[in-house]
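[1] dropping a prediction and its sequence here:
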Amino acid sequence: MGEVIVITSGKGGVGKTTTTANIGIGLSGLEKKVMVIDTDLGLRNLDVVMGLENRIVYNIVDVVEGNCRLKQALIKDKRFPELYLLPSAQTRDKSSVSPEQMKKLIDDIREDYDFILLDCPAGIEQGFQNAIAGADRSIIVTTPEVSAIRDADRIIGLLETAGIRKNELIINRLRVDMVKRGDMMSVEDVTEILAIDLLGVIPDDEQVVIATNQGEPVTGEECPAGRAYTDICRRLLGEEVPMEDFMKPDGILERISSLFHRSQGV
Amino acid sequence: MSVSSVFIAKERLKTLLVSDRIQCTPDSVERLTNDLYHTVSKYMEIDQKDLNIEITRNDIHIRYTGEKN
């Protein structure tokens, strides 16, 4: 029986789609069968981040409306063992799919996958309600900023109200240099305020921008964000992976070199 | 020395989250806290600084930290 995880944030632009793509790819690399679903109707993005935009024929609305079979709409990512994308529709609006339809769609497929990841749209309206309808648990993505944390808190409240009890946090785009000089909230500050379990921390890393430009993942790559996503995937599989201590060494060069040596030792 | 921007961010968030959580203005939070103190003090002798009121997503915790030996 597959696990259904919604990736959500409230605020837009904090990295939900990038996170969905990289976790999906990472889990697939760890030999899990994964389906990623773009639930953002009208603003299709997950396909672009994954570099699969040229292969779309049908989309989630076609499946729900019975214009095609699910198999016809699924895009298999050939670079990875068992990774499938169900794309969103670019030309339809939020009301094209109801929470009940979404729940039924997921119930029909959950037997066939180890993980189903739902990329949730920003906001708390119907798109959000659709995305969480079939989810067992959630990953809340936030950045260490007042507005993103405020929205994350609101989202956690809504998830709890909807009966989703397992909600874990990813702090994205952490800038260690700014944290050190007291100009960015630390991992501890954010987790203390939001009071939910931490799943992982993604350091701000230009490799994410470079990879996204090319429609490629960072998971599995030798860069700070790549390693952080791999750790998150292993935690999702129940492994005890210690949190990276970003604050430990003094200099950034020292930190990078110590990370490099550590990863070589594995 | 000036206050760090993180300190300001955390203070702003604290106020924001409490009023978001109970869906009222920061001003009503202040009044709620005062009313709770007055209600409790009707029945027991307390010092306002010993009464700690914390508003989380699902609960309002009223903690009395008095009676120190």
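    Perfect, I can see it now.
[2] residue of the stretch 151-266 of chain A nearest chain B, please.
    Going by CB to the nearest CB, chain B is nearest to A:Gly182 of the stretch 151-266 of chain A, at 3.5 Å. In this view, the C-beta of every residue, glycine as well, is placed from N, C-alpha and C.
[3] does that residue touch B:Val3 like I think?
    No. Using CB atoms under 8 Å, A:Gly182 is not in contact with B:Val3; the gap is 9.2 Å.
[4] how about the strands of chain B, start to end?
    Listed in chain order, the strands of chain B (DSSP state E) span B:51-55, B:60-64.
[5] between A:Gly182 and B:Val3, point out the one with more neighbours.
    Taking neighbours as other CB atoms under 10 Å in any protein chain shown, A:Gly182 and B:Val3 compare with A:Gly182 leading, 13 against 9.
[6] identify the residues contacting that one.
    Going by CB atoms under 8 Å, 6 or more residues apart in numbering or on different chains, A:Gly182 touches B:4-7.
[7] among those residues, who's most crowded?
    B:Val6 (18 neighbours).
[8] which residues does it contact?
    Applying CB under 8 Å, 6+ apart, the residues near B:Val6 are A:182-186, A:189.
[9] repeat for A:Val179
    By CB under 8 Å, 6+ apart, the neighbours of A:Val179 are A:144, A:185-186, A:246-247.
[10] about what we covered before: check the contacts of A:Gly182 and tell me the two furthest apart.
    Pairwise distances among the contacts of A:Gly182 were taken by CB to CB; the largest, 7.3 Å, belongs to B:Ser5 and B:Phe7.
[11] could you list the paired strands of the host helix or strand of A:Ile7 along with their orientation?
    Element membership for A:Ile7 (DSSP states H and E) is strand A:3-8. As defined by DSSP bridges, the strand partners of strand A:3-8 come to strand A:115-119 (parallel), strand A:137-142 (parallel).
[12] tell me the gap between the shortest one and the middle of its chain.
    The offset between the C-alpha centroid of strand A:115-119 and the centroid of the whole chain comes to 8 Å, using CA atoms, centre = their mean, to the nearest Å.
[13] which bits of chain B sit near chain A?
    Counting by CB under 8 Å from any CB of the partner chain, the residues of chain B close to chain A are B:4-7, B:9-10, B:12-14, B:16-17, B:20-21, B:56-58.
[14] residue contacts, the nearest residue to B:Gln48 once chain neighbours are set aside?
    Distances taken as CB to CB, 6 or more residues apart in numbering or on different chains place B:Tyr37 nearest to B:Gln48, at 5.3 Å, with adjacent residues excluded. Listed by CB under 8 Å, 6+ apart, the contact set of B:Tyr37 reads B:46, B:48, B:51, B:53.
[15] among those, name the buried ones.
    Neighbour-count burial (16 or more other CB atoms under 10 Å in any protein chain shown) applied to these gives B:51, B:53.
[16] got a pLDDT number for the residue nearest to B:Thr33 when sequence neighbours are not counted?
    In space, and not counting its chain neighbours, B:Thr33 is closest to B:Ile53: 5.0 Å by CB to CB, 6+ apart. Looking at B:Ile53, its pLDDT reads 84.
[17] ok, what's across the strand from B:Ile53?
    B:Ile62.
[18] what's near enough to touch it?
    B:32-33, B:36-37, B:60-63.
[19] just the buried residues of those.
    Buried subset of the contacts of B:Ile53 (neighbour count, 16+ other CB under 10 Å): B:32-33, B:37.
[20] ranges for the helices of the chain?
    Picking chain A for this. A:16-29, A:46-49, A:60-65, A:70-73, A:99-109, A:126-133, A:146-161, A:176-180, A:187-194, A:206-214, A:224-236, A:252-265 (DSSP state H).
[21] was after chain B, sorry
    Under DSSP H, chain B gives helices at B:5-21, B:26-43.
[22] need those in TSV with distance to A:Ile170 and mean pLDDT, can you?
    Output for those, formatted as TSV (distance: least, CB to CB, whole Å; pLDDT from 0 to 100):
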stretch	distance to A:Ile170	mean pLDDT
helix B:5-21	18	92
helix B:26-43	29	88
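[23] tell me how far the residue nearest the centre of chain B lies from A:Glu192.
    Nearest to the geometric centre of chain B sits B:Ile53, at 4.2 Å (CA atoms, centre = their mean). According to CB to CB, to the nearest Å, B:Ile53 and A:Glu192 sit 18 Å apart.
[24] how many other residues sit next to residue 15?
    All of this refers to chain A. Neighbour tally, A:Gly15, other CB under 10 Å: 21.
[25] wait, chain B
    Counted with other CB under 10 Å, residues neighbouring B:Thr15 total 12.
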